[in-house]
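> Prediction below, plus the sequence it came from.
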Amino acid sequence: MVETIKADETRELFTDGIDVALGAIFESDFLSQVPFAGMAVKSYQAAKVIQERMLIKKLAKFLYYPSQMSEAEKRKFSAQFEDAEKEEEFGEQMLVLIDQSEDTIKPEIIGKLIHAHAKGHFDLAALMRLSKMVTRSFAEDLDYLKNMDGQHQRRDSDIEHSLNTVGFLRLKAYEYGQMGESEIAPSDIGYEKTVYGTWVTELGLIEGPPPDPEEPNTLFS
(Lines give C-alpha, C1' and ligand atoms only; values in the text may rest on other atoms or scores of the structure.)
Protein backbone atom coordinates (compact mmCIF):
# COMPACT_ATOMS: atom_id res chain seq x y z
CA MET A 1 0.00 0.00 0.00
CA VAL A 2 2.78 2.47 0.93
CA GLU A 3 4.64 1.62 -2.31
CA THR A 4 1.41 2.16 -4.28
CA ILE A 5 0.95 5.60 -2.70
CA LYS A 6 4.55 6.57 -3.58
CA ALA A 7 4.51 5.19 -7.14
CA ASP A 8 4.72 7.62 -10.05
CA GLU A 9 2.23 5.38 -11.90
CA THR A 10 -0.39 6.18 -9.27
CA ARG A 11 0.06 9.92 -9.76
CA GLU A 12 -0.07 9.59 -13.55
CA LEU A 13 -3.22 7.49 -13.35
CA PHE A 14 -5.10 10.32 -11.66
CA THR A 15 -3.80 13.10 -13.91
CA ASP A 16 -7.15 13.50 -15.66
CA GLY A 17 -9.22 13.14 -12.50
CA ILE A 18 -10.67 10.29 -10.52
CA ASP A 19 -13.61 9.51 -12.82
CA VAL A 20 -11.36 8.98 -15.83
CA ALA A 21 -8.98 6.96 -13.66
CA LEU A 22 -11.77 4.62 -12.57
CA GLY A 23 -12.33 3.49 -16.14
CA ALA A 24 -8.64 2.80 -16.59
CA ILE A 25 -8.47 0.90 -13.31
CA PHE A 26 -11.30 -1.44 -14.25
CA GLU A 27 -9.55 -2.30 -17.52
CA SER A 28 -6.03 -2.73 -16.13
CA ASP A 29 -4.10 -4.68 -13.53
CA PHE A 30 -3.05 -1.49 -11.71
CA LEU A 31 -4.45 -2.59 -8.35
CA SER A 32 -3.03 -6.09 -8.59
CA GLN A 33 0.03 -4.81 -6.70
CA VAL A 34 -2.16 -3.90 -3.71
CA PRO A 35 -2.81 -6.87 -1.39
CA PHE A 36 -6.48 -7.83 -1.28
CA ALA A 37 -7.33 -5.37 -4.06
CA GLY A 38 -5.78 -7.78 -6.55
CA MET A 39 -8.35 -10.38 -5.58
CA ALA A 40 -11.10 -7.84 -6.07
CA VAL A 41 -9.86 -6.97 -9.55
CA LYS A 42 -9.74 -10.62 -10.58
CA SER A 43 -13.20 -11.26 -9.19
CA TYR A 44 -14.56 -8.24 -11.03
CA GLN A 45 -13.03 -9.29 -14.31
CA ALA A 46 -14.38 -12.83 -13.87
CA ALA A 47 -17.88 -12.18 -12.55
CA LYS A 48 -18.36 -8.38 -12.40
CA VAL A 49 -19.71 -8.70 -8.88
CA ILE A 50 -21.01 -5.39 -7.49
CA GLN A 51 -19.24 -5.82 -4.16
CA GLU A 52 -15.82 -6.14 -5.77
CA ARG A 53 -16.51 -3.26 -8.14
CA MET A 54 -17.45 -1.10 -5.15
CA LEU A 55 -14.21 -2.04 -3.40
CA ILE A 56 -12.18 -0.93 -6.40
CA LYS A 57 -14.05 2.40 -6.46
CA LYS A 58 -13.34 2.90 -2.76
CA LEU A 59 -9.64 2.12 -3.28
CA ALA A 60 -9.48 4.58 -6.17
CA LYS A 61 -11.10 7.32 -4.06
CA PHE A 62 -8.69 6.53 -1.23
CA LEU A 63 -5.59 6.75 -3.43
CA TYR A 64 -6.50 9.95 -5.27
CA TYR A 65 -5.16 12.55 -2.82
CA PRO A 66 -2.12 10.56 -1.59
CA SER A 67 -1.15 10.18 -5.25
CA GLN A 68 -0.88 13.99 -5.46
CA MET A 69 1.78 14.20 -2.74
CA SER A 70 5.08 15.77 -3.68
CA GLU A 71 8.21 13.63 -3.84
CA ALA A 72 9.41 15.17 -0.56
CA GLU A 73 6.09 14.33 1.11
CA LYS A 74 6.24 10.75 -0.18
CA ARG A 75 9.77 10.31 1.19
CA LYS A 76 8.76 11.76 4.54
CA PHE A 77 5.70 9.52 4.66
CA SER A 78 7.66 6.38 3.80
CA ALA A 79 10.60 7.15 6.13
CA GLN A 80 8.49 6.85 9.28
CA PHE A 81 8.07 3.08 8.79
CA GLU A 82 10.98 1.16 10.28
CA ASP A 83 10.84 -1.71 7.80
CA ALA A 84 8.72 -3.46 5.18
CA GLU A 85 6.76 -5.25 7.90
CA LYS A 86 5.58 -1.93 9.40
CA GLU A 87 4.61 -0.68 5.93
CA GLU A 88 2.62 -3.86 5.34
CA GLU A 89 0.90 -3.53 8.70
CA PHE A 90 -0.13 0.05 7.88
CA GLY A 91 -1.44 -1.04 4.48
CA GLU A 92 -3.45 -3.88 6.01
CA GLN A 93 -5.07 -1.53 8.53
CA MET A 94 -5.98 0.94 5.79
CA LEU A 95 -7.48 -1.81 3.63
CA VAL A 96 -9.62 -3.03 6.53
CA LEU A 97 -10.94 0.49 7.11
CA ILE A 98 -11.61 1.00 3.40
CA ASP A 99 -13.45 -2.30 3.17
CA GLN A 100 -15.55 -1.42 6.24
CA SER A 101 -16.66 1.90 4.71
CA GLU A 102 -20.21 1.69 3.41
CA ASP A 103 -19.58 4.26 0.67
CA THR A 104 -16.78 5.96 -1.27
CA ILE A 105 -16.93 9.17 0.77
CA LYS A 106 -15.01 7.90 3.80
CA PRO A 107 -12.08 6.39 1.85
CA GLU A 108 -11.62 9.75 0.10
CA ILE A 109 -11.61 11.54 3.47
CA ILE A 110 -9.03 9.09 4.84
CA GLY A 111 -6.90 9.64 1.73
CA LYS A 112 -6.98 13.39 2.35
CA LEU A 113 -5.97 12.82 5.96
CA ILE A 114 -2.97 10.77 4.81
CA HIS A 115 -1.95 13.70 2.60
CA ALA A 116 -2.43 16.09 5.55
CA HIS A 117 -0.28 13.82 7.72
CA ALA A 118 2.48 13.83 5.09
CA LYS A 119 2.34 17.65 5.14
CA GLY A 120 2.98 17.60 8.89
CA HIS A 121 -0.40 18.54 10.36
CA PHE A 122 -0.40 15.59 12.81
CA ASP A 123 1.56 12.41 13.56
CA LEU A 124 0.93 8.81 12.51
CA ALA A 125 -0.89 7.92 15.73
CA ALA A 126 -3.35 10.77 15.16
CA LEU A 127 -3.78 9.69 11.53
CA MET A 128 -4.73 6.15 12.58
CA ARG A 129 -7.13 7.44 15.23
CA LEU A 130 -8.75 9.88 12.80
CA SER A 131 -9.12 7.18 10.14
CA LYS A 132 -10.87 4.83 12.56
CA MET A 133 -13.12 7.64 13.80
CA VAL A 134 -14.14 8.49 10.24
CA THR A 135 -14.97 4.84 9.55
CA ARG A 136 -17.14 4.61 12.68
CA SER A 137 -19.10 7.75 11.79
CA PHE A 138 -22.21 8.11 9.67
CA ALA A 139 -21.40 9.92 6.41
CA GLU A 140 -24.39 12.22 6.99
CA ASP A 141 -23.06 13.10 10.45
CA LEU A 142 -19.72 14.11 8.92
CA ASP A 143 -21.60 16.43 6.56
CA TYR A 144 -23.31 17.96 9.59
CA LEU A 145 -19.91 18.39 11.29
CA LYS A 146 -18.56 20.13 8.19
CA ASN A 147 -21.34 22.73 8.31
CA MET A 148 -21.40 23.14 12.08
CA ASP A 149 -20.41 26.70 12.99
CA GLY A 150 -21.31 26.70 16.68
CA GLN A 151 -23.50 29.80 16.33
CA HIS A 152 -27.01 30.42 15.02
CA GLN A 153 -27.88 27.41 12.93
CA ARG A 154 -30.41 24.67 13.34
CA ARG A 155 -28.89 22.12 15.69
CA ASP A 156 -29.61 18.42 15.97
CA SER A 157 -28.81 17.11 19.43
CA ASP A 158 -29.02 13.47 18.31
CA ILE A 159 -26.41 13.94 15.57
CA GLU A 160 -24.19 15.93 17.91
CA HIS A 161 -24.47 13.18 20.53
CA SER A 162 -23.44 10.65 17.85
CA LEU A 163 -20.42 12.78 16.87
CA ASN A 164 -19.58 13.16 20.55
CA THR A 165 -19.64 9.37 20.97
CA VAL A 166 -17.16 8.97 18.09
CA GLY A 167 -14.89 11.70 19.47
CA PHE A 168 -15.36 14.58 17.02
CA LEU A 169 -17.38 16.68 19.49
CA ARG A 170 -17.20 17.26 23.24
CA LEU A 171 -19.42 19.00 25.76
CA LYS A 172 -18.66 22.70 25.99
CA ALA A 173 -16.91 23.92 29.11
CA TYR A 174 -19.16 26.15 31.17
CA GLU A 175 -19.40 27.86 34.51
CA TYR A 176 -22.29 27.88 36.93
CA GLY A 177 -23.94 31.22 37.57
CA GLN A 178 -25.31 32.16 40.97
CA MET A 179 -28.54 33.76 42.09
CA GLY A 180 -28.67 34.26 45.82
CA GLU A 181 -27.90 30.93 47.48
CA SER A 182 -28.82 28.83 44.41
CA GLU A 183 -26.51 27.78 41.59
CA ILE A 184 -27.96 28.21 38.13
CA ALA A 185 -26.70 25.91 35.36
CA PRO A 186 -27.30 26.68 31.68
CA SER A 187 -30.27 24.78 30.22
CA ASP A 188 -28.45 23.94 26.96
CA ILE A 189 -24.78 23.16 27.37
CA GLY A 190 -24.14 22.18 23.76
CA TYR A 191 -21.13 20.68 21.99
CA GLU A 192 -17.94 21.95 20.42
CA LYS A 193 -15.35 20.34 18.15
CA THR A 194 -12.44 18.40 19.59
CA VAL A 195 -9.02 18.71 18.01
CA TYR A 196 -9.93 15.65 15.94
CA GLY A 197 -13.17 17.29 14.85
CA THR A 198 -11.21 20.36 13.77
CA TRP A 199 -8.66 18.29 11.88
CA VAL A 200 -11.24 16.26 9.97
CA THR A 201 -13.29 19.39 9.18
CA GLU A 202 -10.41 21.58 8.00
CA LEU A 203 -8.27 18.91 6.36
CA GLY A 204 -10.50 15.95 5.46
CA LEU A 205 -13.87 17.49 4.61
CA ILE A 206 -12.65 20.41 2.52
CA GLU A 207 -12.82 20.63 -1.26
CA GLY A 208 -9.51 19.75 -2.88
CA PRO A 209 -6.22 18.73 -1.26
CA PRO A 210 -5.28 19.76 2.29
CA PRO A 211 -3.25 22.97 2.55
CA ASP A 212 0.29 23.25 3.88
CA PRO A 213 0.51 23.97 7.64
CA GLU A 214 2.50 27.15 6.96
CA GLU A 215 -0.44 28.86 5.26
CA PRO A 216 -2.12 31.49 7.46
CA ASN A 217 -5.42 30.58 9.11
CA THR A 218 -5.07 26.96 8.06
CA LEU A 219 -5.54 25.40 11.48
CA PHE A 220 -6.57 26.71 14.90
CA SER A 221 -6.40 30.29 13.72
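Arrived safely.

> Residue 162 belongs to a helix?
Yes - per DSSP: H, G, I helix; E, B strand; the rest coil, residue 162 lies within a helix segment.

> what's near enough to touch the closest residue to it other than its chain neighbours?
Of all residues beyond its chain neighbours, the one nearest residue 162 is residue 141 (5.4 Å), with distances taken as C-beta to C-beta, 6 or more residues apart in numbering. From N, CA and C alone the C-beta is placed, and that goes for glycine too. Residue 141 makes contacts with 159, 162, 163, 166, as judged by C-beta atoms under 8 Å, 6 or more residues apart in numbering.

> In three-state terms, label residue 141 for me.
Per three-state DSSP, residue 141 ends up helix.

> Could you check how far it is from residue 197?
Residue 141 sits 11 Å away from residue 197, taking C-beta to C-beta, to the nearest Å as the criterion.

> what about the helices in the protein?
2-6, 8-13, 18-26, 37-47, 50-64, 71-79, 84-100, 105-118, 124-136, 139-146, 157-166, 195-199 (DSSP state H).

> Reformat the ones you listed as a markdown table; add distance to residue 205 and mean pLDDT.
Shown next, in a markdown table, are those (distance: least, C-beta to C-beta, whole Å; pLDDT from 0 to 100):
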| stretch | distance to residue 205 | mean pLDDT |
| --- | --- | --- |
| helix 2-6 | 21 | 63 |
| helix 8-13 | 23 | 62 |
| helix 18-26 | 17 | 60 |
| helix 37-47 | 25 | 52 |
| helix 50-64 | 14 | 86 |
| helix 71-79 | 20 | 90 |
| helix 84-100 | 17 | 90 |
| helix 105-118 | 7 | 95 |
| helix 124-136 | 10 | 96 |
| helix 139-146 | 4 | 93 |
| helix 157-166 | 12 | 94 |
| helix 195-199 | 10 | 96 |
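
> which of these is buried the deepest?
helix 105-118 (a mean of 24; mean count of other C-beta atoms under 10 Å).

> Please name whichever of the helices of the chain is nearest to residue 172.
helix 157-166 (10.8 Å; C-beta to C-beta).

> Now do the shared contacts for residue 141 and residue 197.
Common neighbours of residue 141 and residue 197, using C-beta under 8 Å, 6+ apart, are residue 163.

> just checking, residue 63 touches residue 112?
No - using C-beta atoms under 8 Å, residue 63 makes no contact with residue 112, being 11.4 Å away.

> what's near enough to touch the nearest residue to residue 62 once chain neighbours are set aside?
Excluding the flanking residues, the one nearest residue 62 by C-beta to C-beta, 6+ apart is residue 107, at 3.8 Å. By C-beta under 8 Å, 6+ apart, the contact list for residue 107 reads 58, 59, 61, 62, 97, 98, 101.

> How much space separates residue 107 from residue 75?
According to C-beta to C-beta, residue 107 stands 24 Å off from residue 75.

> Next: residue 110.
Between residue 110 and residue 75 the computed distance is 21 Å (C-beta to C-beta).

> Same check on residue 104?
28 Å.

> what does residue 96 give?
Using C-beta to C-beta, residue 96 is found at 26 Å from residue 75.

> what's the answer for residue 121, then?
Remark: distance between residue 121 and residue 75 (C-beta to C-beta) = 17 Å.

> picking that back up, between the helices of the chain, which one is nearest to residue 210?
Nearest to residue 210 among those is helix 105-118 (3.9 Å), distances taken as C-beta to C-beta.
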